[in-house]
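In: My questions concern the predicted model and sequence given below.
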Amino acid sequence: MSDLLDRRQFLAKSAASVSVPILAHPLAAAAGQVRLSFDIIVVDERIGANEGLSRVARASGAQCLSIRGDLPRVWFDSLRGACLDRSTVIAGFTSDLDSEVMRAFARDVGYRQVGRLDISIDGETGRETVRRSMYSSLPSEFALASELENLVDLYLTSSPWQASRVAPGPTSDRHGPTQLAAWVIAPIRA
Amino acid sequence: MPLPAGLSQQDFDGAIAELREVVGEDWVFTSDAHIETYRDPYSPLQGTDDEPIPSAAVAPHTVEHVQGVLRVANDYGIPTWAFSTGKNFGYGGTETRVAGSLIIDLKRMNRILELNETNATAIVEPGVSQYELWQEIQRRGLRLWVDGPSPAYSSIVAIGLERGVGYGLNGDRYRALSGLEVVLPTGEVIRTGMAAVEGSGAWAQYPYGLGPHVQGMFSQSNYGIVTKVGVRLIPHPPAFRSSLVIAPNNEDIVPMIDTLRKLRLGGAINNAVSLGPHVPGRDPWAQAPIAAPMGGPPGAPGGPGGPGGGPPRLPGWSFRLGLYGYDRVVEANWEEIQDEFNAAIPGANYETEKFLAPYDDQDNWESRHKMLAGIPSFQETPLWNHGGAFISMVLPFDGQAYWEFREVYDRVYRQYGRRYIGGALHNHSPWGLIALGAAPVVRDDPEANARSMEMARMLIEEAGKLGYGEYRAPTPFADEAAAAYAWNDHALMRFFETLKDTLDPNGILAPGKSGIWPSRYREDRA
């Protein structure tokens, strides 16, 4: 029933489709040459530094919001209001749980998560070990997910990982990898 | 999307058209994109053939809308599933029991109808979250606290009806409710307790009214949709002391519980207490692990043993303690409490801070203080790797009983490659304790989730052999949890079913909720 693609399907579609717009590479955005499609980029500093991302966000005209581990409060205090115009697009780099919380918040205002990447950061080496992706198959949403993919690449190369800052939760494995979720929410146009 | 069982596409389309007349075109959702948002990300059934995908969703704004939606559901025989905000992660979230259900999303019913500082009460609709009530209290400059779970995006109504927990003086969230307005499955609207008095002047102040106390019938049930509720709040006390009580060794949980019981029953401690493994520098509840994988470095909970060859070391324990009232009383109690724990637990230690009214700086307090005070907080939201489905067994408030039960949990966990470390809630009653476990749920891994479900079922079964049952259960485990309440050949469930069939003759409201199935489903399942 799902209209979401996994990474393999995404790459296949990306190569085959002529309708997908040329991706706005974040490095170009960092140089102020293009605008990203995200109006707001949410970052949780508990998981990774965001200097590079902030620079890209500023240069591309997006607002970069630090949530400091408190996504719900930022949602109620500012993000929810920003979504009322039904055009704001928000990307985020948060914990796995916060990405699901955001998915539920998005539903409340007629939005949905249209792209998502799950990245595991090894607790000892600080290296990215696994990446899984889900993208919308709808063309407009697919383009947003493409931009998210590029933004994640930039984020991972520009953010020094400090995995020791991340505390495991009640059901997590104490010595397991840290899960970073990158996501984008947009109004449902269906 | 799957259609409701037995309904043709034509009839379904007819029902959707009628629903659009009831709530408006914009508030009936049928597209894949919309329905996707109503799937529970922490369901162990996700991605399997058993995942109950809804057929459509509707968002009513008024009681009349709710009545209209139920009329359509009755006319067409469509199963429905109502929720307030749908963020009850770990206990089912938005998940239904029956594929093709019509979701009734009450998010638009989010009005705060009354807020009374003098009596410390409010009347709210189900879409009001703790945080939104708090925002309104702050906007009006009232000296009130709310209490409730963290994260505070949960609905005031739902956390009470589901008998969830808080951490301060109103930790038993159900007992903070007073007077309900309920739309019955047939569409009739009733009010309970003092709310049933015409022009009620004491709706939120006294829950019982006259005659049978039926408020509880609508808690964890599928007998009606609650559309308004009175709720008790907490007036600011003159003084508030927030403490962490720490026991250094794992075995200390036994005297810790027994001492806590003595102080709780004796009235020295009045807040809802959560006990968790103590990992220095981490919050005892939000960040300490309930379970650990087998393996890991020497000395770790699941590891091969400490450096000296001893058994793997399990952590000590801690709990948050709140004291409220007049300053001198608070301080006298605090002294007595420390004396009791020092006598019972060698090496017991404490972190503590006192606050005095007016609490003008409360918004800047650390999260742990806010939670105890009853200030809605989000920061307990842990950094979960994926999620879990909770298993919550009710035990007597007895240290030895908990210690022995913990061994049962650990034996089952070990069979599935994990160690059980522990965690317990003491929120509802000074006489009871909830032993908390969790079955891990991994996104996109149905095989791992199937094993988790198997583990959860075994935990429920093993607990049942000891005479214990769950106080609430994740939606997919509702039948197993209900089956433990088997005395006299499941007489209680037969009573629930009799009520269900009387109140909901077409069986359209939340079939299977808490293991209660209406007759037409019971026949199919037999």
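Out: Alright, I've got the coordinates. Numbering: from 1, shown residues only, chains lettered A, B, ... in the order given.
In: Going by residue numbers, what spans are helices in chain B?
Out: Assigned by DSSP state H, chain B shows helices spanning B:9-23, B:32-36, B:63-76, B:130-140, B:156-161, B:253-265, B:327-344, B:367-373, B:399-415, B:446-465, B:478-483, B:487-503, B:519-525.
In: now these in TSV, with mean neighbour count?
Out: C-betas here are computed from N, CA, C, even on glycine. What follows is the helices of chain B, written out as TSV (neighbours: other C-beta atoms under 10 Å in any protein chain shown):
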stretch	mean neighbour count
helix B:9-23	16
helix B:32-36	19
helix B:63-76	21
helix B:130-140	18
helix B:156-161	26
helix B:253-265	20
helix B:327-344	16
helix B:367-373	25
helix B:399-415	17
helix B:446-465	18
helix B:478-483	20
helix B:487-503	14
helix B:519-525	13
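In: which helix of chain A spans the most residues?
Out: From DSSP H, the single longest helix across chain A is helix A:139-158.
In: same question for that helix, mean pLDDT?
Out: Averaged across helix A:139-158, pLDDT comes to 80.
In: Centre-most residue in chain B?
Out: B:Gly164 (3.2 Å; C-alpha atoms, centre = their mean).
In: gap between the residue nearest to that residue when sequence neighbours are not counted and B:Pro149?
Out: Once flanking residues are discounted, B:Gly164 sits nearest to B:Arg173: 4.9 Å by C-beta to C-beta, 6 or more residues apart in numbering or on different chains. In this view, B:Arg173 and B:Pro149 are 8 Å apart by C-beta to C-beta, to the nearest Å.
In: Could you do B:Ser318 as well?
Out: Applying C-beta to C-beta to B:Ser318 and B:Pro149 gives a distance of 19 Å.
In: between the two, which one's more packed in?
Out: B:Ser318 (30 against 21; other C-beta atoms under 10 Å in any protein chain shown).
In: Name the residues contacting each of B:Arg173 and B:Pro149.
Out: B:159, B:164-166 (C-beta atoms under 8 Å, 6 or more residues apart in numbering or on different chains).
In: is it possible to export those residues to JSON lines including pLDDT?
Out: JSON lines is the format used below for these (pLDDT from 0 to 100):
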{"residue": "B:Ile159", "pLDDT": "94"}
{"residue": "B:Gly164", "pLDDT": "91"}
{"residue": "B:Val165", "pLDDT": "88"}
{"residue": "B:Gly166", "pLDDT": "89"}
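In: Tell me the spacing between B:Arg175 and chain A.
Out: Going from B:Arg175 to chain A by C-beta to the nearest C-beta, to the nearest Å gives 25 Å.
In: contacting residues for that residue?
Out: By C-beta under 8 Å, 6+ apart, the neighbours of B:Arg175 are B:His428.
In: Tell me how far B:Asn88 lies from B:Ala473.
Out: 12 Å.
In: contacting residues around B:Leu169?
Out: Shown in contact with B:Leu169 (C-beta under 8 Å, 6+ apart): B:147, B:234, B:270-272, B:322, B:324, B:374.
In: ok, 10 Å please
Out: Residues in contact with B:Leu169 (C-beta atoms under 10 Å, 6 or more residues apart in numbering or on different chains) are B:145, B:147, B:176, B:232, B:234-235, B:237, B:270-272, B:322, B:324-325, B:372-374.
In: Kindly report the same for B:Tyr76.
Out: B:Tyr76 neighbours (C-beta under 10 Å, 6+ apart): B:4, B:6-7, B:11-12, B:14-16, B:18-19, B:102, B:506, B:508.
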